[in-house]
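[1] Based on what follows, work out the 3D shape:
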Amino acid sequence: MANSDPARTGADDTGPPEGGNAAWQTLFIEALAITSSLELAAAAAGVVPAVACAQRRRDPDFAREWNAALAEGYVHLEFEIVRRLRTGDFKTGDSEKFDFANAIRLLAAHRDATARGGGQVRHVTAAEVRASIDRKIEDIRRRKARIEAGAGAPS
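    Next comes the predicted model:
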């Protein structure tokens, strides 16, 4: 599904293709939810993967939609596993055996990462990071002062 038109594919990596930002982003997110593939979603949206990745880094809303699309992809995988097991459909389209073990391992790893908060992308500013570090340093100073005050007190 390659497209050699740089204006259409975003191959120059300067911005969205014709049709504006929202149009390609919507197509990308919809395709990502269905395919769970960066390359296929980018092709469906008419951009190169680098354009989509750059947009994900720049736009927290797009990053959240991306993560939601991937989560939907995991739901699709789970449905596919259950369907195949219930119907006895153990072969892929090219007559290979469906890899249930790896599919289930992938779902388990995703659930573990999600439970630990690994499924969330949090975008914070430099000011927020500095403020967090300052709070931690101040907390350490307070604890140190309490320890020193306790050590110097008569017993």
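[2] what's near enough to touch Leu27?
    Leu27 makes contacts with Ala44, Ala45, Gly46, as judged by CB atoms under 8 Å, 6 or more residues apart in numbering. The way it works is simple: take the backbone N, C-alpha and C, and place the C-beta from them, glycine included.
[3] nearest to Glu138, of the residues you listed?
    Distance to Glu138 across those (CB to CB) is lowest for Ala45, with 46.3 Å.
[4] Let me know the distance separating Tyr74 from Ala109.
    As defined by CB to CB, to the nearest Å, Tyr74 lies at a distance of 10 Å from Ala109.
[5] Mind checking which of these two has more residues around it?
    Using other CB atoms under 10 Å, the more surrounded residue of Tyr74 and Ala109 is Tyr74, with 16 against 11.
[6] Let me see the confidence value for that one.
    In this model, Tyr74 is scored at 89, pLDDT.
[7] Test my guess that it contacts Ile104.
    No. The criterion here is CB atoms under 8 Å, and Tyr74 misses it with Ile104 at 11.7 Å.
[8] Tell me the spacing between the residue sitting nearest the centre point of the chain and Gln55.
    The residue lying closest to the centre of the chain (CA atoms, centre = their mean) is Asn67, at 4.0 Å. Separation of Asn67 from Gln55 (CB to CB): 14 Å.
[9] Show me how far stretch 52-72 is from its chain's centre.
    Chain-centre distance of stretch 52-72: 6 Å, with CA atoms, centre = their mean, to the nearest Å.
[10] List the buried residues in that stretch.
    Of all the residues in stretch 52-72, those buried under the rule 16 or more other CB atoms under 10 Å are Ala52, Ala54, Gln55, Arg56, Phe62, Ala63, Glu65, Trp66, Asn67, Ala69, Glu72.
[11] so which pair among those residues is furthest apart in space?
    Greatest spatial distance among those (CB to CB): Ala54 and Glu72, at 22.5 Å.
[12] Name the spans of the chain whose pLDDT lies under the cut-off.
    Applying pLDDT under 70 to the chain flags the ranges 1-21, 118-124, 152-155.
[13] all helices for it, in order.
    Along the chain, counting by DSSP state H, helices occupy 6-9, 20-35, 38-45, 49-58, 60-87, 100-115, 126-152.
[14] Quick one: closest of those helices to Gly93.
    Gly93 lies closest to helix 60-87 among the helices of the chain, at 12.2 Å (CB to CB).
[15] re earlier: neighbour-wise, which one of the contacts of Leu27 leads?
    Ranked by neighbour count (other CB under 10 Å), the contacts of Leu27 have Ala45 at the top, with 26 neighbours.
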